[in-house]
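Student: predicted model, plus sequence, below.
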Amino acid sequence: MDDVLKRIDDQVKNNPVLIYMKGTPQAPQCGFSQRASQALAGTGVPFAYVNVLEDMDIFQNLPRYADWPTFPQIYVDGELIGGCDITLELYQNGDLQKMVDAAVAKSEQPSA
């Protein structure tokens, strides 16, 4: 179990923008995942995704990682921003764009 939490932690920390979703952005398996991934795509910023339906260890343990019980889960700059509703609200008010732009810019800076 600790191995899967470490793997999740690595994914979250090594991807500036990451969505854990049911399905893929091209073939979402639930409406919430579809809408959240479309909002991320709407920013024009590349993002990583993990299909939780293909990895039962992540599916079962991700809710414990950030104490968030549902999917999708969207992480920006290593922080959980929330699920579908929060992501859509942030997209509509322009904050999601600012967040993902800043996360990607930060990730492109050389390490000290």
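Tutor: Cool, got the structure. Residues are numbered from 1 along each chain as shown.

Student: pick out the residue closest to the middle of the protein.
Tutor: I19 (2.3 Å; CA atoms, centre = their mean).

Student: so that one bridges to which residues?
Tutor: Y49, I74 (DSSP bridges).

Student: L80 is in contact with that one, correct?
Tutor: No - I19 is beyond contact range of L80, at 11.0 Å (criterion: CB atoms under 8 Å). Every residue, glycine included, has its C-beta placed from N, CA and C.

Student: overlap in contacts of those two?
Tutor: Shared contacts of I19 and L80, defined by CB atoms under 8 Å, 6 or more residues apart in numbering, comprise 73-74.

Student: follow-up on the earlier one: check the spacing between the residue nearest to the centre of the chain and N61 real quick.
Tutor: Distance of I19 to N61, given as CB to CB, to the nearest Å: 17 Å.

Student: the chain: strands as residue ranges?
Tutor: 17-21, 48-51, 73-76, 79-82 (DSSP state E).

Student: now the ones you listed in JSON lines, with mean pLDDT and distance to G42?
Tutor: Output for these, formatted as JSON lines (pLDDT from 0 to 100; distance: least, CB to CB, whole Å):
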{"stretch": "strand 17-21", "mean pLDDT": "98", "distance to G42": "12"}
{"stretch": "strand 48-51", "mean pLDDT": "98", "distance to G42": "15"}
{"stretch": "strand 73-76", "mean pLDDT": "98", "distance to G42": "13"}
{"stretch": "strand 79-82", "mean pLDDT": "96", "distance to G42": "15"}
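
Student: CSV for these, including distance to D9?
Tutor: Supplementary listing: the strands of the chain in CSV, determined by distance: least, CB to CB, whole Å:
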stretch, distance to D9
strand 17-21, 12
strand 48-51, 13
strand 73-76, 11
strand 79-82, 12
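
Student: so who does the residue nearest to the centre of the chain touch?
Tutor: Here I19 is in contact with 25, 33, 36-37, 40, 47-50, 72-75 (CB under 8 Å, 6+ apart).
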